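**Q** can't give you the sequence, but here's the structure:
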């Protein structure tokens, strides 16, 4: 008899990393914010040692930057970041959708439809993050259906980078209803095996989301959040 072993509980450093990453992605720690180790420890409810290690990990991910003798700064979002992330998505995601067409089964559909069932409160950044986590799962699932595992991994990382941008974009313009409709249309094209339509729909969604992000982050009230 094979007994399944429970995974070990996350270490204090892993807990601190997850807590700080979520605060950054939800923009509770906004781009450009200066964060001391003491403040980060208070936010996470953990000690300075795991928080210091967590901040180093997040620096490797590009989410924070060290400030000599001042602590850490949440990495700003630049116009170049937005252009590069959405340009790469536009290159890769339509092709992933094209390859995934006709390969959808019932189990996959349940995963793809998760974002449609996810609630959203425009006044709550945590709600936006939960919606976008479901959105990420949707797009990664499409890429996995393409049969190219490397493509799915690359797109997952790109969507991680896009999350903060999209959280700020949704705060200015609630596009979640449109995104649900776009995903529903994409699912229909995938089930029908229409690769060209699936690719077109994927490209349109990326373009519309990019416009939403640019409009939000170039608005006067967002001037402190974005660099050129």
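**A** Now that the structure is in, tell me what you want to look at. Being a predicted model, the structure only gives us computed values, none of them experimental.
**Q** the chain: helices as residue ranges?
**A** Assigned by DSSP state H, the chain shows helices spanning 12-25, 37-44, 48-60, 79-100, 106-112, 125-145, 149-172, 176-192, 195-217.
**Q** what's the fifth one packed up against?
**A** Using 3 or more C-beta pairs under 8 Å, 6 or more residues apart in numbering; DSSP states H and E, the elements in contact with helix 106-112 are helix 125-145, helix 176-192. (C-beta placed from N, C-alpha, C; glycine too.)
**Q** contacts only, for the closest residue in space to residue 62 that isn't next to it in sequence.
**A** Sequence neighbours aside, residue 75 is the residue nearest to residue 62 in space, at 5.9 Å (criterion: C-beta to C-beta, 6 or more residues apart in numbering). For residue 75, the contact set (C-beta atoms under 8 Å, 6 or more residues apart in numbering) comprises 31, 62-65.
**Q** cool, residue 111 as well?
**A** Counted by C-beta under 8 Å, 6+ apart, residue 111 has contacts 137-138, 141.
**Q** and the gap between the residue nearest to the spatial centre of the chain and residue 179?
**A** The chain has residue 163 as the residue nearest its centroid, 3.1 Å off, counting by C-alpha atoms, centre = their mean. Distance of residue 163 to residue 179, computed by C-beta to C-beta, to the nearest Å: 14 Å.
**Q** residue 202 now?
**A** From residue 202 to residue 179 the distance is 12 Å (C-beta to C-beta).
**Q** what does residue 161 give?
**A** Taking C-beta to C-beta, one finds residue 161 at 18 Å from residue 179.
**Q** out of the helices of the chain, flag the one nearest residue 71.
**A** When those are compared by C-beta to C-beta, helix 37-44 sits nearest residue 71, at 6.3 Å.
**Q** now for that closest one, which elements pack on it?
**A** So helix 37-44, by 3+ C-beta pairs under 8 Å, 6+ apart, packs with helix 12-25, helix 48-60, strand 71-74.
**Q** the ones you listed: which one's closest to residue 185?
**A** Of all those, helix 12-25 comes closest under C-beta to C-beta, at 27.0 Å.
**Q** what is that closest one packed up against?
**A** Applying 3+ C-beta pairs under 8 Å, 6+ apart, we find helix 12-25 packed against helix 37-44, helix 48-60, helix 149-172.
**Q** need the ones you listed in a markdown table (columns: distance to residue 88 and mean pLDDT).
**A** Compiled in a markdown table, the helices and strands packed on helix 12-25 are given as follows (distance: least, C-beta to C-beta, whole Å; pLDDT from 0 to 100):
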| stretch | distance to residue 88 | mean pLDDT |
| --- | --- | --- |
| helix 37-44 | 30 | 94 |
| helix 48-60 | 20 | 95 |
| helix 149-172 | 6 | 91 |
